[in-house]
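Peer 1: Predicted model, plus sequence, below.
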Amino acid sequence: MRFEPVIGLEVHAQLKTKTKIFCGCLTAFGDPPNTHTCPVCLGMPGVLPVLNKKVVTYAVRMALATHCTLAPVSRFARKNYFYPDLPKGYQISQYEEPLAEKGYIEIEIDGQRKRIGITRIHMEEDAGKLTHDPRRGLSRVDFNRTGVPLIEIVSEPDIRSAQEAAAYLKQLRSILRYLDICDGNMEEGSFRCDANISVREKGERTFGTRTELKNLNSFRHVERALALEIDRQTEILKEGGRVLQETRLYDPDRDRTRSMRGKEEAHDYRYFPDPDLVPLKLHKDWIEAIRKGLPELPMEKKDRFMDAYGLPAYDAEILTSSRDLADYFEHCLRSFPRPKTVSNWIMGPLLGLLNTRHLSIQESPISHGALAELLALIEDGVINRKIAKSVFDEMADTGKRPKAIVEKKGLVQVSDARVLEAAVQQVLRQSPEEVQAYRAGKTKLLGYFVGQVMKATKGKANPGLVNEILKKQLSG
């Protein structure tokens, strides 16, 4: 406990525009290599970039959602470095005058909220993609991704654990998806993270020597890689050694980090203003119009679900994890206003079904209206919970409405007291030893009797009424 980590994250989020940031080429993922290119994104001599307005709109939405201050004037710069996936020999980014600065988001760890500062948000273009074939000793480059619009979100070094880092990334991705400006797919590279980490003695104000971690393509990898790097740097400092400033890669197969190269500084990139792009000026009226169009964001929605619907924090966290799931829940409530019951069925059977079938909530075979109808059938005593589960399964398989399934299969719950009394009496006659044991004090046998009655009625008996009749009969 003598040392503490200091972590800052740099997140690149690919924006959901149809075309690239400075040309009209498509941004579609997964198409054949080098099919979405043109002289502009390939950096041919004499071409001029033209800024995509939607990219700016999306970047402003994120800046406003994270409480950033927008610059009235921002400028694009050229970040110069040589790499085979960078056809121009430089990347168009923003440097000294970014789009937005000094924001924050809130995360929640163990029920406590913490504010993580955001240093800046700026726009830039993506590079191409290299694929390596070690067997043939060659590499290939695909320029489809070149010029795809990104925003880079740089946090303050406010993060103090691997768990906090994962929580920050999840909250950031959730905001991006609520705004519908990035799909947040880490596997496809549309949401990427680099981590800067140093370790210092507790109480020390100056930062230690930092390393940069790359190849973090899942939340689990981020958390694991940071934990490993914290341990590595701590051991070096305990032994009186010196941490080197470098870029390291996380190797998930070997579960370790390894050195990649020395860490670059900003001056190594020789930034200078891009002479082909004019300064970007934002009008206040335009900014306010974007602000008014912002949706309710995840943390705000979670708080409202807890206050308005009386849901536990755990339920509210899951239900607001995506905007579509939260909408599904609230649509269901309009027809069946029992928040906790709806929450239980969504978090249990529904999400279990979707996970098993690898479906999103938008692809759910059970609509919010159908689920509300099923819950109303339980509430009204038409079917019991056991029957409801089998109806739910058939709804998922056939797409039919619950009322139609219940009527067709004759699954209506038996609540006629005379019918159930007859069933109870028959079960008790067939179980004399169990009746004697129950009356001798083994009251747990009540569950056995309920099960036998349910079996005799093919699961259709009203469980509450069966319990009442059994207790009355057994007390005689």
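Peer 2: Thanks, I have the structure now.
Peer 1: What residue spans form the domains of this structure?
Peer 2: According to automatic domain parsing, the chain comprises the domains 3-287, 296-409, 417-474.
Peer 1: mind giving me JSON lines with those and columns for mean neighbour count?
Peer 2: Placement of C-beta: from N, CA and C, glycine included. As requested, the domains of the chain are exported to JSON lines (neighbours: other CB atoms under 10 Å):
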{"stretch": "domain 3-287", "mean neighbour count": "17"}
{"stretch": "domain 296-409", "mean neighbour count": "17"}
{"stretch": "domain 417-474", "mean neighbour count": "15"}
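Peer 1: Adding mean pLDDT, write those out as CSV.
Peer 2: Conversion of the domains of the chain to CSV gives the following (pLDDT from 0 to 100):
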stretch, mean pLDDT
domain 3-287, 93
domain 296-409, 95
domain 417-474, 81
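Peer 1: any idea how far the closest residue to Gly8 other than its chain neighbours lies from Gly208?
Peer 2: In space, Gly8 comes closest to Pro157 once its chain neighbours are excluded; the distance is 4.1 Å by CB to CB, 6 or more residues apart in numbering. Distance from Pro157 to Gly208, counting by CB to CB, to the nearest Å: 11 Å.
Peer 1: and for these two, which residues touch both?
Peer 2: The contact sets of Pro157 and Gly208 overlap at Val6 (CB atoms under 8 Å, 6 or more residues apart in numbering).
Peer 1: What lies in contact with the helix or strand where Glu288 lies?
Peer 2: Assigned by DSSP states H and E, Glu288 belongs to helix 284-292. Helix 284-292 has contacts (CB under 8 Å, 6+ apart) with 57, 60-61, 64, 70.
Peer 1: Could you export it as CSV, CA atoms only?
Peer 2: The C-alpha coordinates for helix 284-292 follow below in CSV (Å, rounded to 0.1, in the frame of the first residue of the first chain):
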residue,chain,number,x,y,z
LYS,A,284,-23.4,29.9,-30.6
ASP,A,285,-26.8,29.3,-32.0
TRP,A,286,-25.7,26.1,-33.8
ILE,A,287,-24.1,24.8,-30.5
GLU,A,288,-27.3,25.5,-28.6
ALA,A,289,-29.4,23.7,-31.2
ILE,A,290,-27.1,20.6,-30.7
ARG,A,291,-27.3,21.0,-26.9
LYS,A,292,-31.1,20.9,-27.0
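Peer 1: Can you name the element that comes right after it?
Peer 2: Downstream of helix 284-292, the next assigned helix or strand under DSSP H and E is helix 298-309.
Peer 1: for that following helix, the distance to its chain's centre please.
Peer 2: Using CA atoms, centre = their mean, to the nearest Å, the mean C-alpha position of helix 298-309 is found 17 Å from that of the whole chain.
Peer 1: after it, next one along is what?
Peer 2: helix 313-319.
Peer 1: Please save the CA atoms from that following helix in CSV.
Peer 2: Only the C-alpha atoms of helix 313-319 are listed here, as CSV (Å, rounded to 0.1, in the frame of the first residue of the first chain):
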residue,chain,number,x,y,z
ALA,A,313,-29.1,0.5,-8.1
TYR,A,314,-28.2,-2.9,-9.5
ASP,A,315,-31.4,-3.1,-11.6
ALA,A,316,-31.1,0.5,-12.8
GLU,A,317,-27.4,0.0,-13.8
ILE,A,318,-28.3,-3.0,-16.0
LEU,A,319,-31.4,-1.5,-17.5
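Peer 1: what separates that helix from the chain centre, distance-wise?
Peer 2: Distance, stretch centre to chain centre, for helix 313-319: 13 Å (CA atoms, centre = their mean).
Peer 1: residues making contact with it?
Peer 2: 108, 111, 302-303, 305-306, 311, 325-326, 329, 340, 343, 346-347, 351.
Peer 1: between the residues you listed, which is closest to Pro134?
Peer 2: Of all those, Leu351 has the smallest distance to Pro134: 40.7 Å, by CB to CB.
Peer 1: Mind telling me what element that closest one is part of?
Peer 2: Remark: Leu351 resides in helix 351-357, with elements defined by DSSP H and E.
Peer 1: what distance separates the helix or strand that that helix is followed by from the middle of the whole chain?
Peer 2: Heading C-terminal from helix 351-357, the first helix or strand you meet, by DSSP H and E, is helix 368-379. In terms of CA atoms, centre = their mean, the centre of helix 368-379 is found 27 Å from the chain centre.
Peer 1: Other residues contacting helix 368-379?
Peer 2: Outside helix 368-379, the residues that reach it (CB under 8 Å, 6+ apart) are 328-329, 331-336, 338, 341-342, 345-346, 350, 383-385, 388, 391-392, 395, 401-403, 406.
Peer 1: same thing with stretch 384-403?
Peer 2: For stretch 384-403, contacts defined as CB under 8 Å, 6+ apart pick out 349, 353, 365-366, 370, 373-374, 377-378, 383, 405-406, 411, 413, 454, 459-463.
Peer 1: Go ahead and measure how far it is from the middle of the chain.
Peer 2: Centroid displacement of stretch 384-403 relative to its chain, using CA atoms, centre = their mean, is 29 Å.
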